[in-house]
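A.B. asks: Just need the structure, nothing else, for what follows:
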Amino acid sequence: MSRFRPLLTPFLTTVVAAAVAGCAGAEPASDEVPSSGAPEGEVAQISMPETDIWLATLDRTEEGLVLRGPENVTNRAGYENQPAFLPDGSFLYTRQTGNTTDIWRYDPATGSHTEVTSTPESEYSPTPLPAGDGFSVVRVEADGTQRLWQFDMSGANAVVVFPDVAPVGYHAWADPEHAYLFILGDPPTLQSAERGAGGSQLLAEGIGPSIQKVPGRPAVSFVEVTEVGSEIETWTMGEAISRLVAEGLEGAVHHAWTPDGTLLQAAGNTVYAFDGGGMGWMEIGSLPAGLEVTRLAVSGDGTRLAVVVGPASGE
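C.D. replies: Next comes the predicted model:
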């Protein structure tokens, strides 16, 4: 399934930090990156959802993908979210400690959890840099401004990536120089930015909080929320069109890709893979009843799936 859509608008939009003032204290675009609206120098009490990260094995059989052995690997009271795999099979994730969030690393080989950043600010959405020399995050700065920053792999040497672009909620890298950004607002928008260029380019409106790198090419995918549901689309760097890949599952706003290009989503406690050959969404496995899967992340070798899990609605 595919169709092409024209670029929303071809002009460059420079989003300055002053724009955040209009968002401070407003209802956040998602429950993962809140805008606290705290005065400069103060940290507001942030109420985050109770979530855990589960890790499962992905097996590819003659019938297709199968999800096996899901296990809760964080298993603590509080907020753990936004897993992102590193090349060695470990993953970075966001963890709340007190009134702020930092980036942690989980190593399945040892079962160890290691704090990577420990800052007065909150960091969210850890994403490995394409060059492999660090990771980027959305940082909530002291005055509430949300911009994209990067660290080296040890969690040191923090540098703002796009000084003029805010308020950033989520992001993905198309290549080492170009990022695609979820910009908070009403409606939230998809924008692209280039290192050193200043500003950002507005591409689409009304998107969901999941932007993913498409494997094998300089493109990202995103979920566009419509009046009747959602659509998963791809945007290739340098083009002025987006392509519809699939109609999203009901209620799902997150997605992920396997390295061989299989699209994944979840609904309730069940994970699905999209069959582009005409079969549509096919169930590949479930987590225990009473849980609801939101975010998904696939390891670089395609053998592991990390999912963010919380209690199902009404539980």
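A.B. asks: now Gly132, nearest residue through space, not along the chain?
C.D. replies: Leaving aside its chain neighbours, Gly132 sits nearest to Pro87 (6.9 Å; criterion: C-beta to C-beta, 6 or more residues apart in numbering). Where you see a C-beta, it was placed from the backbone N, CA and C, and this is true even at glycine.
A.B. asks: Quickly note the distance from Phe135 to Trp173.
C.D. replies: For Phe135, the distance to Trp173 (C-beta to C-beta, to the nearest Å) stands at 10 Å.
A.B. asks: what's Arg295 sitting at in phi/psi?
C.D. replies: The phi and psi values for Arg295, taken as degrees, to the nearest 10, are phi -70, psi 150.
A.B. asks: ok, now Glu205?
C.D. replies: Note on Glu205: backbone dihedrals following degrees, to the nearest 10 are phi -120, psi 160.
A.B. asks: Okay, and the beta partners of it?
C.D. replies: Thr189 (DSSP bridges).
A.B. asks: That one - how many residues pack around it?
C.D. replies: Residues lying near Glu205 (other C-beta atoms under 10 Å) number 16.
A.B. asks: Next up, the contacts around it.
C.D. replies: Taking C-beta atoms under 8 Å, 6 or more residues apart in numbering as the contact definition, Glu205 lies against 8, 187-190.
A.B. asks: Now rank the residues you listed by neighbours and give me the top one.
C.D. replies: Most neighbours among the contacts of Glu205, by other C-beta under 10 Å: Leu190, with 27 neighbours.
A.B. asks: ok, so what distance separates that residue from Glu233?
C.D. replies: Distance check for Leu190 against Glu233: by C-beta to C-beta, it reads 9 Å.
A.B. asks: Same check on Arg295?
C.D. replies: Distance from Arg295 to Glu233, by C-beta to C-beta: 18 Å.
A.B. asks: try Asp186
C.D. replies: Asp186 is 21 Å from Glu233, where distance means C-beta to C-beta.
A.B. asks: Between those two, point out the one with more neighbours.
C.D. replies: Here Asp186 and Glu233 are compared on neighbour count by other C-beta under 10 Å; more neighbours surround Glu233, at 24 against 12.
A.B. asks: For the chain, identify the residue most remote from the centre.
C.D. replies: Most distant residue from the mean C-alpha position of the chain: Glu62, 30.4 Å away (C-alpha atoms, centre = their mean).
A.B. asks: Have a look at Phe135 and Trp173 and say which one is more surrounded.
C.D. replies: A side-by-side neighbour count of Phe135 and Trp173, using other C-beta under 10 Å, places Phe135 first with 24 against 19.
A.B. asks: which secondary element of the chain has the worst mean pLDDT?
C.D. replies: The helix or strand with the lowest mean pLDDT-type score in the chain, counting by mean pLDDT, DSSP states H and E, is strand 12-13 (a mean of 30).
A.B. asks: Identify the neighbouring strands of whichever helix or strand comes after that strand in the sheet and state each direction.
C.D. replies: Helices and strands here follow DSSP states H and E; after strand 12-13, the next one along the chain is strand 52-61. Looking at strand 52-61 with DSSP bridges, its partner strands are strand 64-72 (antiparallel), strand 304-311 (antiparallel).
A.B. asks: Dump the shortest one to PDB, restricted to CA.
C.D. replies: Just to be clear, that refers to strand 304-311. These are the backbone C-alpha positions of strand 304-311, laid out as PDB (Å, rounded to 0.1, in the frame of the first residue of the first chain):
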ATOM      1  CA  ARG A 304      15.400  -8.600  20.400                       C
ATOM      2  CA  LEU A 305      12.300  -6.400  20.900                       C
ATOM      3  CA  ALA A 306      12.100  -4.000  23.900                       C
ATOM      4  CA  VAL A 307       8.600  -2.700  24.600                       C
ATOM      5  CA  VAL A 308       7.300  -0.100  27.100                       C
ATOM      6  CA  VAL A 309       4.500  -1.500  29.200                       C
ATOM      7  CA  GLY A 310       1.900   0.000  31.500                       C
ATOM      8  CA  PRO A 311      -1.400  -1.100  33.000                       C
END
